[in-house]
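A.B. asks: need a 3D model of the following:
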Amino acid sequence: MSECVVTRRAEFSASHRYWLPQLSEDENARRFGPCAKFPGHGHNYVLYVSMVGQIDAYGMVLNLSEVKHAIAREVIADLNFGYLNTAWPEFQETLPTTENIARVIWQRLAPHLPLVNIQLYEHPKLWADYQGNGMHACLTVGTHFSAAHRLALSSLSQEENAAIYGKCARPNGHGHNYHLEVTVSGEMDAQTGAIVDLDALTAAIEHHVLEPLDHTFLNKDIAYFAEVVPTAENIAAYIQACLTLPVRELGVELHRIKLYESPNNSCEVYGPSLRPLVAPRPGWRSPCRAVPQGWLQTALQEDGCIRWLTGVQVWERMVVAMGRLAAAEPMGLVLASHPEFFPNLASAWEVWVLADRPAPLTRRGAQSPVALVGVGTGRFGLCLMPGLGLLVVEDGVGETPQVGLGWHPTTSAGRSPR
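C.D. replies: This is a model prediction of the structure:
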């Protein structure tokens, strides 16, 4: 029987305060803004608990009545109408940010439920996802902009465009109120509980996306869309390209862009985009720089990425490290692992920089996969090259390695970054 994910929703209301006792009042105010004010502020939190399992003879994965009682007993009873900073000991060590609350809820529920994701909404435009990966979490910010567009290829006649795009090809265009979700991923700070400075992230989205796109006719006001048809898919990819480097500069990675053109139509683009389509807007410092030969191995070791035998899922950290390296264009990156070192990855890294040209997949020895990395129980090779993005090579463990573009898990237990 196939595995199935079931989700239970719950709500609680609670207050919290962002305040570090080792900082002065002025320092806390500068760091946390209004969230540092005494005695704190509150939210109506919405919690989604996702669990996985096989469908049993009764047609259920879990008895949802038992799930409901477990959530009420382990979470709601302590947090509802509570002051989070003192509700649980964990919040006295690390501030109760949205992402840290999700992490601690996971810890409280994991002994009782087969969790795959905790999603916690602080409000409808801010929520966190946590999947049990140490201090790693995702944070999503929701926002909106309004813009007009016309869907038409300049190489086609009006009749041909109308046959493809229908009413959307009409010469004078039409508009939408776009709803945008920007998801970033990173490590929570041990004291603040945050993966990113939320004000800085909001400012980056405003500077690079909202201000340039809001109240524009995309085909005429945005140079990129003079030749590229501004479908929702292309707009989402463009936004991803605009935000990849600025978000990385904040110390996190761009994980997902979701764009709603209307309540009926939406699209998602997953990142990070390793070769941005556009340069950052003026006024924003780019992290592009020369990279020394041994940089990647050092970065991986410092980030704690090489922990395959511990079962730690390292996909996101690998992408962070490779994305930083890829920022130094024009470069390609091939990572190789000697089979005799398997699975001692710390001894296996070799890096070749291939200037100004895509390169064929490079191996050392017929049985040597490229950049062998453990993600859960899956095994993958990774190769990053200009124009190709991420090339994933499966290690067959004794069989001939398979090569393909995209995400290709070795086993059913391998987990996609999506």
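
A.B. asks: so where's the longest helix in this structure?
C.D. replies: Of all segments of type helix in the chain, defined using DSSP state H, the longest is helix 232-249.

A.B. asks: in that helix, what's buried?
C.D. replies: Neighbour counts over helix 232-249 (16 or more other CB atoms under 10 Å) mark 232, 234-249 as buried. Backbone N, C-alpha and C define where each C-beta goes, glycine included.

A.B. asks: what sits up against stretch 122-136?
C.D. replies: When contacts are defined by CB atoms under 8 Å, 6 or more residues apart in numbering, stretch 122-136 is touched by residues 43-45, 97-99, 101-103, 105-106, 110, 115-121, 137-143, 183, 185-188, 190, 198, 312-313, 316-317.

A.B. asks: domain parsing for the chain?
C.D. replies: Listed by automatic domain parsing, the domain ranges of the chain are 1-131, 135-287, 295-405.

A.B. asks: still on that earlier bit, could you turn the buried ones of the contacts of stretch 122-136 into a ChimeraX selection?
C.D. replies: In ChimeraX, selecting the buried portion of these, with burial taken from 16+ other CB under 10 Å, looks like this:
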select :43,45,97,98,99,101,102,103,105,106,115,116,117,118,119,120,121,137,138,139,140,141,142,143,183,185,186,187,188,198,312,313,316,317
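
A.B. asks: now, the contacts of stretch 122-136 that are in helices?
C.D. replies: Counting by DSSP H, the part of the contacts of stretch 122-136 found in helices is 98-99, 101-103, 105-106, 198, 316-317.

A.B. asks: relative to helix 232-249, how tilted is the helix or strand that the longest helix of the chain is followed by?
C.D. replies: Scanning the chain past helix 232-249 towards its C-terminal end, the next helix or strand to appear is strand 253-262 (assignment: DSSP states H and E). Here strand 253-262 points in a direction 150 degrees away from that of helix 232-249 (axes from the mean of the first three to the mean of the last three CA atoms, to 10 degrees).

A.B. asks: residue 219: what secondary structure?
C.D. replies: For residue 219, the secondary-structure state derived from DSSP: H, G, I helix; E, B strand; the rest coil is helix.

A.B. asks: and it, how many residues sit next to it?
C.D. replies: Residue 219: 20 surrounding residues under other CB atoms under 10 Å.

A.B. asks: settle this for me: it is touching residue 172, isn't it.
C.D. replies: No - taking contacts as CB atoms under 8 Å, residue 219 lies outside contact range of residue 172: 10.8 Å.

A.B. asks: in contact with residue 54, which residues are there?
C.D. replies: 1-4, 61.

A.B. asks: still on that earlier bit, and for residue 219 and residue 172, which residues touch both?
C.D. replies: With contacts taken as CB under 8 Å, 6+ apart, the residues that reach both residue 219 and residue 172 are residue 150.

A.B. asks: all strands of the stretch 51-200 of the chain, in order?
C.D. replies: For the stretch 51-200 of the chain, the strands defined by DSSP state E, counting those that start in this stretch cover 82-83, 115-123, 126-130, 136-149, 174-187.

A.B. asks: could I get those strands as TSV with mean pLDDT and distance to residue 253?
C.D. replies: Rendered in TSV, the data for those read as follows (pLDDT from 0 to 100; distance: least, CB to CB, whole Å):
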stretch	mean pLDDT	distance to residue 253
strand 82-83	97	33
strand 115-123	97	18
strand 126-130	98	14
strand 136-149	98	10
strand 174-187	97	5
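
A.B. asks: tell me the one of the ones in helices among the contacts of stretch 122-136 nearest residue 228?
C.D. replies: In terms of CB to CB, no member of the ones in helices among the contacts of stretch 122-136 lies closer to residue 228 than residue 316, at 29.2 Å.

A.B. asks: what pLDDT does the closest one get?
C.D. replies: With respect to pLDDT, residue 316 has a value of 36.

A.B. asks: over to residue 270?
C.D. replies: Looking at residue 270, its pLDDT is 88.

A.B. asks: before we move on, what about residue 212?
C.D. replies: Looking at residue 212, its pLDDT is 97.

A.B. asks: again, but for the one 5 residues further on
C.D. replies: pLDDT, residue 217: 98.

A.B. asks: any idea how far residue 195 is from it?
C.D. replies: Distance, residue 217 to residue 195, by CB to CB, to the nearest Å: 36 Å.

A.B. asks: among the two, which residue is more densely surrounded?
C.D. replies: residue 195 (27 against 16).

A.B. asks: look up how far residue 138 lies from the more buried one.
C.D. replies: Using CB to CB, one obtains 8 Å as the distance from residue 195 to residue 138.

A.B. asks: joint contacts of these two?
C.D. replies: Shared between the contact lists of residue 195 and residue 138 (criterion: CB under 8 Å, 6+ apart) are residues 99, 184-185.

A.B. asks: which stretches of the protein have low pLDDT?
C.D. replies: Scanning the chain for pLDDT under 70 picks out the ranges 1, 272-418.

A.B. asks: which residue ranges of it form helices?
C.D. replies: Using DSSP H, helices in the chain cover 25-32, 64-71, 77-79, 84-87, 90-93, 98-109, 158-165, 198-205, 211-213, 218-221, 232-249, 295-302, 315-326.

A.B. asks: right, I'll leave it there.
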